[in-house]
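S.K.: below is the structure, and that's it, no one-letter string:
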């Protein structure tokens with residue numbers, strides 16, 4: 001029920017339509033599958049005499065053609081805006097399809113011209129496998145796109161962080177320069193006068209006025 005829906009009804013100008021299955025494809029596209037073809041005439045041919053058997057198989061081929069024509073007239077691709085422009089008509093056995101094609105050699109081409117793709121189990125499985133492969137490729141492509149988006153976001157975040165770090169380094173350099181300027185001013189103009197008190201014999205307490213050194217370490221670029 002994730003990549004396909006069963007018996008999903010749609011409303012159109014000609015009434016309510018209910019395809020047997022709608023397979024979702026990447027990009028929002030859809031593939032309509034029908035599986036309602038009557039096999040009554042084929043089954044009637046199984047135990048019949050040769051002539052009756054041929055007649056029953058001819059009716060079987062005609063039944064397949066009539067059902068394909070009905071599907072063409074329903075034009076599911078018009079009701080499903082994103083659908084492929086053909087419908088897969090499923091017959092539940094390769095023998096059913098082979099018998100119809102044997103008695104109506106133009107059936108396959110005729111159906112395809114009318115946007116009907118006749119498919120037995122093998123072809124339907126091949127279609128399903130192809131759809132699954134396309135979905136896996138889409139998932140890989142989406143993963144690659146997500147990696148690209150994450151890479152771009154990470155690159156921008158690193159660039160922004162680099163600017164902030166550069167700003168911090170610049171501010172540290174300015175703070176260091178301001179500190180050295182302040183220390184130089186103290187050592188030139190203030191602290192020498194304070195140290196004279198001790199030289200003059202004035203009680204200054206236990207703590208001497210320290211020597212303040214410049215800081216020569218610079219922030220790395």
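M.R.: Sure, I can see it. Predicted model, so just to flag it, every value in this text is computed and none were measured.

S.K.: how distant is the longest helix anywhere in the chain from the center of its chain?
M.R.: Identified as the longest helix of the chain according to DSSP state H is helix 121-185. Counting by CA atoms, centre = their mean, to the nearest Å, helix 121-185 is centred 19 Å from the centre of its parent chain.

S.K.: what's the next secondary structure element after that helix?
M.R.: Remark: after helix 121-185, the chain's next helix or strand is helix 191-199, criterion DSSP states H and E.

S.K.: for that following helix, buried residues please.
M.R.: Using 16 or more other CB atoms under 10 Å as the burial criterion, the residues of helix 191-199 that qualify are residue 191. In this view, the C-beta of every residue, glycine as well, is placed from N, C-alpha and C.

S.K.: below-threshold pLDDT in the protein: ranges please.
M.R.: Low-confidence segments of the chain, defined by pLDDT under 70: 1, 9-17, 80-83.

S.K.: now do the residue sitting nearest the centre point of it against residue 93, distance only.
M.R.: With distances taken as CA atoms, centre = their mean, residue 142 lies nearest the centre of the chain, 3.9 Å away. Noted for residue 142: a distance of 37 Å to residue 93, by CB to CB, to the nearest Å.

S.K.: can you check residue 50 too?
M.R.: 22 Å.

S.K.: got it, and residue 75?
M.R.: For residue 75, the distance to residue 93 (CB to CB) stands at 27 Å.

S.K.: who has more neighbours, those two?
M.R.: residue 75 (16 against 12; other CB atoms under 10 Å).

S.K.: parallel or antiparallel, list what pairs with the strand ranked longest in the chain.
M.R.: In the chain, with assignment by DSSP state E, the single longest strand is strand 83-90. Here strand 83-90 is paired, per DSSP bridges, with strand 30-34 (parallel), strand 116-119 (parallel).

S.K.: closest to residue 163 out of those?
M.R.: The closest of these to residue 163 is strand 30-34. By CB to CB, the value is 48.5 Å.

S.K.: compute the inter-axis angle for that closest one and helix 121-185.
M.R.: 160 degrees (axes from the mean of the first three to the mean of the last three CA atoms, to 10 degrees).
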